[in-house]
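*Asks:* fold the following and give me the result.
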Amino acid sequence: MSKSTPPTPTRRLYTPRTKRGISLRLDPETVGQSTEAIARFFGTGRYLLIQTIIVIIWILVNLLAVSARWDPYPFILLNLAFSTQAAYAAPLILLAQNRQENRDRVSLGDDRRRAAQTKADTEFLARELAALRLAVGEVVTREYLRDELDELRTLLTDLQPEALDRSPGQAGDGWERTAEKSR
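*Replies:* Sure, this is the predicted structure:
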């Protein structure tokens with residue numbers, strides 16, 4: 001058998017290929033946060049005020065300053081600037097809306113999970129409360145015990161005068177006889 005040469009790194013199929021050259025790696029979360037911040041700024045009154053002031057200055061300079069006219073009357077450059085701004089603003093706003101929709105979806109899932117857990121907890125507590133009510137129904141209450149003791153007290157007070165009327169030998173009704181036999 002002849003000796004075989006070990007495979008070169010380019011021949012190994014289990015080794016991933018590495019990218020060569022410069023690659024631009026952007027963190028999707030950072031890009032999303034910055035686009036949301038830009039989209040949020042586009043929706044403010046401050047942005048509208050700044051844009052209005054810039055447009056007014058642009059038009060005034062191009063109408064009144066004859067020597068500084070870089071964009072004559074149809075204001076083609078201004079229209080181009082607005083078109084470029086709209087071309088970038090629309091995708092940024094859509095991206096921000098998609099991110100918000102994803103957050104809302106996750107939040108809705110969490111809300112549903114919490115609602116299901118709360119419902120299960122409530123049903124469990126309702127069952128426990130029903131079991132406690134059944135158990136409490138079988139427990140002697142203070143009022144019931146008081147009524148029973150009052151009945152016993154009245155029975156004892158009714159029996160006491162009869163016991164005093166009997167003679168000492170009759171009071172036991174045979175209890176003394178059994179006590180003497182056991183001795």
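*Asks:* from the chain's centroid, how far away is the helix or strand where residue 106 lies?
*Replies:* Using DSSP states H and E, residue 106 maps to helix 76-138. Relative to the centre of its chain, helix 76-138 is centred 8 Å away, using C-alpha atoms, centre = their mean, to the nearest Å.
*Asks:* following that helix, which helix or strand shows up next?
*Replies:* For helix 76-138, the succeeding helix or strand toward the C-terminus, using DSSP H and E, is helix 142-165.
*Asks:* let me see the mean pLDDT of that following helix.
*Replies:* Per-residue pLDDT values over helix 142-165 give a mean of 85.
*Asks:* list the helices and strands it packs on?
*Replies:* Based on contacts counted as 3 or more C-beta pairs under 8 Å, 6 or more residues apart in numbering; DSSP states H and E, there is no element that helix 142-165 packs against. (Glycine included, C-beta is placed from N, CA and C.)
*Asks:* how about it: buried residues?
*Replies:* Using 16 or more other C-beta atoms under 10 Å as the burial criterion, none of the residues of helix 142-165 qualify.
*Asks:* same question for stretch 91-104.
*Replies:* Neighbour-count burial for stretch 91-104, counted by 16+ other C-beta under 10 Å, picks out 92, 93, 95, 96, 99.
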